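Chemist: Output the structure for:
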Amino acid sequence: MLVLRTPDKRFDNLPDFPFEPHYAEINGRRVHYINEGQGETILCLHGEPTWSFVYRKIIPLLAANHRVLAMDFIGFGRSDKFVEREAYSFQMHYDTLVGFIEKLALEQITLVVHDWGGPIGLTVASEMVERFSRLVIMNTLLAIRGTDSRLADWPSDTGGTVHGDKIAPEVIAGYEAPFPDASYKAGAATWPLLIPIHPDDPGASEMLKARTVLSKWRKPVLVMFSDSDPYTHGFDAYFRRLIPTAKDRIVKDAGHFLQEDKGEEIAQHILAFIDGTPLS
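Modeler: Numbers count the residues shown, from 1 in each chain. Model prediction:
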């Protein structure tokens, strides 16, 4: 499989993004991650079509008293990118995250997921329960289009624009930095198409199993959705019903990319959640 690596100069002088890059080789590919602060581990997973840049407003506040990791999935950010769309699969992303957690020997993780980070991250958490202490679930889903009526009209593209009309050009450039041209975008083009439609589709059985595990979950969970997301609106209630320990928080005046719209506020909610659920 042909692999591309975005030139480092594409990431020079990004706004509010002073973080040093870190890399791990996972299954023969280079995976980039941010690693800031010390203390309990908070692992942040981005969605489609973003990268760890989307957490730039949140990381400094969390890293004051915690260790914050933000991983770029293969095909995104500073991580390696396959050129062929066929190389991208639910299993590939799943294996990358599992390999990352094992490579860095992460334990007692507070997992923060958004968008496609949800189906991958929550499935991994359900298979590695002993590694996770808390879940923060934001604007995402864990459902199969053919078995959940809520997905009948769910769009195949989970968003590609940041909420609001006035986005600074340098911020837009930050989101576009990983993709010098179309040849780098196979991962972003493929991810929305990986949502399982039928129970026998790739990823479907894993997600169904994850739902079963989460229905019996006893560790702390914060379900934090925005009030103005057209893509995942209503799935906060889905997670509240599914997970016995789920606590709800609605972020007002925010769209799908609530980290962009209300990053500092979200960080404060996560800190309060962690402080209120100390590890035993």
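
Chemist: can you pull the contacts of Gln259?
Modeler: Val54, Tyr55, Lys57, Ile58, His114, Met138, Ile266 (CB atoms under 8 Å, 6 or more residues apart in numbering). Quick note: C-beta positions are derived from backbone N, CA and C, even for glycine.

Chemist: Now do the SS call for it.
Modeler: helix (DSSP: H, G, I helix; E, B strand; the rest coil).

Chemist: pLDDT weak spots in the protein?
Modeler: Filtered on pLDDT under 70, the chain yields the residue ranges 144-166.

Chemist: mind listing the strands for it?
Modeler: Counting by DSSP state E, one finds strands in the chain at the ranges 3-4, 22-26, 29-36, 41-45, 67-71, 81-82, 109-114, 132-138, 221-226, 246-251.

Chemist: What about the closest residue to Ile270 other than its chain neighbours, how many residues nearby?
Modeler: Excluding its sequence neighbours, the residue lying closest to Ile270 (CB to CB, 6 or more residues apart in numbering) is Val136, at 5.8 Å. By the measure other CB atoms under 10 Å, the count of residues near Val136 is 23.

Chemist: Next: the one 3 residues further on.
Modeler: Asn139 is surrounded by 28 other residues when neighbours are defined as other CB under 10 Å.

Chemist: give me every residue that touches the nearest residue to it once chain neighbours are set aside.
Modeler: Once flanking residues are discounted, Asn139 sits nearest to Thr232: 4.7 Å by CB to CB, 6+ apart. Contacts for Thr232 (CB under 8 Å, 6+ apart) come out as Asp115, Asn139, Thr140, Leu141, Thr158, Phe225, His256.

Chemist: any idea how far Glu107 is from Phe132?
Modeler: 9 Å (CB to CB, to the nearest Å).

Chemist: between these two, who's got more neighbours?
Modeler: Per other CB under 10 Å, whichever of Glu107 and Phe132 has more neighbours is Phe132, with 23 against 12.

Chemist: Quick check, the more buried one in contact with Ile109.
Modeler: Yes. Phe132 lies in contact with Ile109 (CB atoms under 8 Å); the separation is 4.9 Å.

Chemist: can you redo the contacts of Gln259 as JSON lines with distance to Asn13 and neighbour count?
Modeler: Below are the contacts of Gln259 laid out as JSON lines (distance: CB to CB, whole Å; neighbours: other CB atoms under 10 Å):
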{"residue": "Val54", "distance to Asn13": "18", "neighbour count": "24"}
{"residue": "Tyr55", "distance to Asn13": "18", "neighbour count": "28"}
{"residue": "Lys57", "distance to Asn13": "17", "neighbour count": "18"}
{"residue": "Ile58", "distance to Asn13": "21", "neighbour count": "24"}
{"residue": "His114", "distance to Asn13": "25", "neighbour count": "27"}
{"residue": "Met138", "distance to Asn13": "28", "neighbour count": "31"}
{"residue": "Ile266", "distance to Asn13": "25", "neighbour count": "26"}
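
Chemist: and the residues you listed as CSV, adding distance to Arg30?
Modeler: Converted to CSV, the contacts of Gln259 look like this (distance: CB to CB, whole Å):
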residue, distance to Arg30
Val54, 20
Tyr55, 20
Lys57, 26
Ile58, 24
His114, 23
Met138, 27
Ile266, 29
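
Chemist: Cross these against helices and list the overlap.
Modeler: If you go by DSSP state H, the contacts of Gln259 have Ile266 in helices.

Chemist: doesn't Glu107 make contact with Glu40?
Modeler: No. The criterion here is CB under 8 Å, and Glu40 misses it with Glu107 at 9.8 Å.

Chemist: thinking again about what came up before, mind checking how far the residue nearest to Asn139 is from His256?
Modeler: 7 Å.

Chemist: Lovely, talk soon.
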